[in-house]
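S.K.: I need the structure of the sequence given here:
(2 chains)
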There are 2 protein chains.
Amino acid sequence: MPPRTALTVWPLEGIPEIEAGADLVDVIARAADDELAHGDILVVTSKIVSKAEGRFVVADDREDAITSETVRVVASRSTPNGATTRIVQNRLGMVSAAAGVDASNTPAGTVLLLPVDPDASARAIAAGLRERLGVEVGVIVSDTLGRAWREGQTDHAIGAGGVHVFEDLRGGTDAEGRPLVVTMPCVGDELAAAADLVKGKASRRPVAVVRGRADLVGALDLPGARSIVRPLEKDMFRLGADEAYAEGFAAGLARGRDAEEEAFSSGP
Amino acid sequence: MPPRTALTVWPLEGIPEIEAGADLVDVIARAADDELAHGDILVVTSKIVSKAEGRFVVADDREDAITSETVRVVASRSTPNGATTRIVQNRLGMVSAAAGVDASNTPAGTVLLLPVDPDASARAIAAGLRERLGVEVGVIVSDTLGRAWREGQTDHAIGAGGVHVFEDLRGGTDAEGRPLVVTMPCVGDELAAAADLVKGKASRRPVAVVRGRADLVGALDLPGARSIVRPLEKDMFRLGADEAYAEGFAAGLARGRDAEEEAFSSGP
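M.R.: Model (predicted):
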């Protein structure tokens, strides 16, 4: 049987459909009843945070909504059905398809933007639950993201409140005593992934509880999920290969023409 | 308290240091004792599979080892300490730093290559445990990977035996009845991530059990983790931005010179 070191992950049942203006602390506290304990981490699907914030946009404006959420286009490609997939960096710094604009599980005729500030939302929910229930819990706001080189999607942390998103082992040593120089597990993303295994995409179970990593729960002013976003200057994939090639080609073409002109104009 | 739908994840204790030639079915069966049940999924760190396969290389050859495991360089960049980070596609198709060549938790003076065929290893372990213990279990072989746009690392599935790596919802509908067209959760990677939360990098707990998703366990000939690798023709990030720009620039420069030469040679 599972020993004491086990991690347990379960969905909160009975979360109602979330409307704009809903008080998520109240909704989660009621669904959790007396289930929550010190050190529990709640993983809240960003969709219900967006809904509570009223981030609905009429569906005809989906492409406009993506554009307005986009800070920078990373890559785009036509799909077989004639649509265009846009991989973009959004105003939160995240790189994802369609800027996180979501068209599933939303009222007919609408799409949903990401929360305004998922870290602030996570902190507010954590603070509210701590005060109301008297237990120190952490909160992750999760979103489903694709990956550069891997098929399918996994859930990731896009907001965090009162929970460490990295387990920083860089000062530690391995079992042989050698320094673990580059290892920095992104436990925020791993918590989101674990929670997705019990949520189910098609059902209404948007909140899961992860119990067993109370060591990751801490002060409300811990760095948020924004700290997971790799800064542009460290990003080796800040542009798609086709897009970077095209930029390079245009620059090379201009240089080549200039060089030849110079060579001819400086000739006899 | 956690309801019946909970996922439970725990590490197997008492796994000894693995030597070349070790029988992992025997090692895991002994450590698991009578803990395993029908539908359990074992997540086995690739490091012990590599060790059992004797994939050690003397440490002086680390750079050579990376090169020999590399099929294609995706991107490279100098680090502040003068070393070079190479993001490469390895012979398994995976894109990762240093081709998965591992220098932590290995005997002094050695580095470790990835298993020869992690899907085959996962299937063999699953088959062996099923036969020996009489319970239908699945096996994921996991590795720690960085991500394109996100800091830190998370564990991913690089081998799978007897377990679905994707939860295919593409034929399903959301709670509003609309088709879930593009959603294909990579549960293989999510299982690996969940398991990492109980393993700990610095300790010797290389195997975790995930209980509660027996629906993902199936035939030993299910597609392996190789199916997670995005084919090159669908990969928008098959080259780093700098590398693609440089290729484009060189091609553009050549074209520009040719065009100018043609323009001048066809002149009066």
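S.K.: Report the closest residue of the stretch 151-268 of chain A relative to chain B.
M.R.: Closest to chain B within the stretch 151-268 of chain A is residue A:256: 2.1 Å, counting by Cβ to the nearest Cβ. No exception for glycine: its C-beta is placed from N, CA and C like everyone else's.
S.K.: Which helix or which strand is home to that residue?
M.R.: Assessed by DSSP states H and E, residue A:256 sits inside helix A:241-265.
S.K.: Tell me the gap between that helix and the middle of its chain.
M.R.: In terms of Cα atoms, centre = their mean, to the nearest Å, the centre of helix A:241-265 is found 38 Å from the chain centre.
S.K.: The residue of the stretch 151-268 of chain A closest to chain B: what's it in contact with?
M.R.: Residues counted as contacts of residue A:256 (Cβ atoms under 8 Å, 6 or more residues apart in numbering or on different chains) are B:252, B:253, B:254, B:255, B:256, B:257, B:258, B:259, B:260.
S.K.: circling back: now the helix holding residue A:256: mean pLDDT?
M.R.: For helix A:241-265, mean pLDDT is 87.
S.K.: got a pLDDT number for the most centrally placed residue in chain A?
M.R.: Closest to where the C-alpha atoms of chain A average out (Cα atoms, centre = their mean) is residue A:158, at 3.1 Å. The predicted structure scores residue A:158 at 98 on the pLDDT scale.
S.K.: quick one: contacts for it?
M.R.: Residue A:158 makes contact with A:46, A:92, A:94, A:100, A:114, A:115, A:118, A:141, A:142, A:143, A:225 under the criterion Cβ under 8 Å, 6+ apart.
S.K.: Against residue B:114, how distant is the first one?
M.R.: If you measure residue A:46 against residue B:114 using Cβ to Cβ, to the nearest Å, the figure is 34 Å.
S.K.: neighbour count winner among the two?
M.R.: Looking at residue A:46 and residue B:114 with other Cβ atoms under 10 Å in any protein chain shown, you find the greater number of neighbours at residue A:46, namely 29 against 26.
S.K.: quick one: that one and residue A:157 touch, right?
M.R.: No: contact between residue A:46 and residue A:157 fails when scored by Cβ atoms under 8 Å: they sit 9.9 Å apart.
S.K.: residues shared between the contacts of those two?
M.R.: Common contacts of residue A:46 and residue A:157, defined by Cβ under 8 Å, 6+ apart, comprise A:141, A:142.
S.K.: Which parts of chain A are strands?
M.R.: Counting by DSSP state E, chain A has strands at residues A:7-11, A:41-45, A:56-58, A:70-78, A:84-90, A:95-97, A:110-112, A:138-146, A:153-161, A:207-211.
S.K.: Reformat these as a markdown table; add distance to residue B:33.
M.R.: As requested, the strands of chain A are exported to a markdown table (distance: least, Cβ to Cβ, whole Å):
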| stretch | distance to residue B:33 |
| --- | --- |
| strand A:7-11 | 20 |
| strand A:41-45 | 30 |
| strand A:56-58 | 53 |
| strand A:70-78 | 49 |
| strand A:84-90 | 47 |
| strand A:95-97 | 43 |
| strand A:110-112 | 48 |
| strand A:138-146 | 33 |
| strand A:153-161 | 32 |
| strand A:207-211 | 24 |
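S.K.: which one of the ones you listed lies closest to residue B:17?
M.R.: Comparison of these against residue B:17 by Cβ to Cβ identifies strand A:7-11 as nearest, at 24.7 Å.
S.K.: next one: the closest one to chain centre, how far?
M.R.: Strand A:7-11 sits 20 Å away from the centroid of its parent chain (Cα atoms, centre = their mean).
S.K.: From the contact counts, what lies against it?
M.R.: Judged by 3 or more Cβ pairs under 8 Å, 6 or more residues apart in numbering or on different chains; DSSP states H and E, the packing partners of strand A:7-11 are helix A:187-199, strand A:207-211, strand B:7-11, helix B:187-199.
S.K.: Figure out which of the ones you listed is closest to residue B:53.
M.R.: helix B:187-199 (19.2 Å).
S.K.: any idea of the angle the closest one forms with strand B:138-146?
M.R.: For helix B:187-199 against strand B:138-146, the angle by axes from the mean of the first three to the mean of the last three Cα atoms, to 10 degrees is 80 degrees.
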